[in-house]
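Q: Model the structure of this input:
(one chain, ligands or ions: 1)
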Amino acid sequence: MRIKNHTHWRTDDIRRAILPAIRRRLVEVPTLARPETYRRLEVTIVYGNKGPTGVGGFAYYHRPDMTLTVGKAGPIDAVDLASVAGHEADHNRGLKHGDMPNGGMHQRLESWSRHAVGMTIRRAGPPQQDRATRAADRRDRRRRTAELKVVEWTRKTRLARTKLTKWQRALRRLEGGTR
Ligand SMILES: [Zn+2]
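A: Here you go, the predicted model:
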């Protein structure tokens with residue numbers, strides 16, 4: 001199973017929640033799926049339109065491809081996520097809603113989602129910068145410092161010229177006075 005995660009929710013947490021559910025629905029139940037369906041399964045995680053905490057999904061029949069949608073604000077309920085993932089896995093193995101118990105309407109807590117009780121889906125930390133980005137940031141900081149120093153020393157140079165002129169005039173006046 002491969003997870004293509006386009007959200008800020010941690011991929012390892014998502015995997016822990018959905019993998020057992022998908023395995024149970026695709027492998028451990030008498031299945032219509034070809035064996036490679038599970039191995040090649042690609043799960044895409046995107047933000048959905050079911051509110052800040054809502055979980056949704058869609059899947060292809062007889063094809064190892066499902067998409068799970070999650071809220072952006074969260075928190076994301078790991079049990080919901082596992083429950084939906086198991087449902088989509090049923091579609092992957094060819095089941096339509098009419099083939100499922102209760103017409104595909106599930107309880108939140110199903111036999112394939114109980115493992116997720118107490119699990120948390122955490123936010124991913126800020127993305128790690130690569131070497132090139134860090135080097136570019138360092139150059140930017142040095143450039144900003146250099147710009148400030150040029151401004152500062154231009155001002156001080158002007159001030160020094162003004163002071164020099166003032167004291168030169170004072171000296172000329174005093175020397176003139178003694179002449
Ligand atoms: Zn469905």
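Q: can you list the weak-confidence ranges in the protein?
A: Within the chain, the ranges that satisfy pLDDT under 70 run 30-37, 127-128, 177-179.
Q: Please enumerate the helices of it.
A: 11-23, 36-39, 78-92, 131-178 (DSSP state H).
Q: Same list, those, but as CSV with distance to Gly51 please.
A: All C-beta atoms are positioned from the backbone trio N, CA, C, and that covers glycine. Putting those into CSV (distance: least, Cβ to Cβ, whole Å) gives the following:
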stretch, distance to Gly51
helix 11-23, 18
helix 36-39, 30
helix 78-92, 12
helix 131-178, 35
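Q: Output the ones you listed in a markdown table; the columns should cover mean neighbour count and distance to Pro101.
A: Listed next are the helices of the chain as a markdown table, based on neighbours: other Cβ atoms under 10 Å; distance: least, Cβ to Cβ, whole Å:
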| stretch | mean neighbour count | distance to Pro101 |
| --- | --- | --- |
| helix 11-23 | 20 | 16 |
| helix 36-39 | 15 | 21 |
| helix 78-92 | 25 | 10 |
| helix 131-178 | 10 | 51 |
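Q: and Gly56, which of those helices is closest to it?
A: helix 78-92 (6.7 Å; Cβ to Cβ).
Q: the domain parsing of the chain - what is it?
A: Here the domain parsing of the chain from automatic domain parsing is 2-116, 130-179.
Q: Nearest the geometric middle of this structure, what residue?
A: Centroid check for the chain by Cα atoms, centre = their mean gives His8 as the closest residue, at 2.5 Å.
Q: what's around Met100, how many residues?
A: Residue neighbour count, defined by other Cβ atoms under 10 Å, stands at 14 for Met100.
Q: hmm, back to that, who wins for proximity to Ser113 among the helices of the chain?
A: helix 78-92 (3.9 Å).
Q: for that closest one, packing partners?
A: If contacts are counted by 3 or more Cβ pairs under 8 Å, 6 or more residues apart in numbering; DSSP states H and E, helix 78-92 sits against helix 11-23, strand 55-59, strand 65-70.
Q: Sheet partners, orientation included, of the shortest one?
A: Applying DSSP bridges, strand 55-59 is found paired with strand 65-70 (antiparallel).
Q: For the partner strand, list every residue counted as buried.
A: Buried positions in strand 65-70, judged by neighbour count with 16 or more other Cβ atoms under 10 Å: 65-70.
Q: repeat for stretch 44-63
A: Within stretch 44-63, the residues scored as buried using 16+ other Cβ under 10 Å are 44-45, 48, 55-57, 59.
Q: and the residue nearest to the centre of the chain, what does it touch?
A: Shown in contact with His8 (Cβ atoms under 8 Å, 6 or more residues apart in numbering): 72, 123-124.
Q: correct me, but Gln129 touches Asp137?
A: Yes: Gln129 is within contact range of Asp137, at 7.5 Å (criterion: Cβ atoms under 8 Å).
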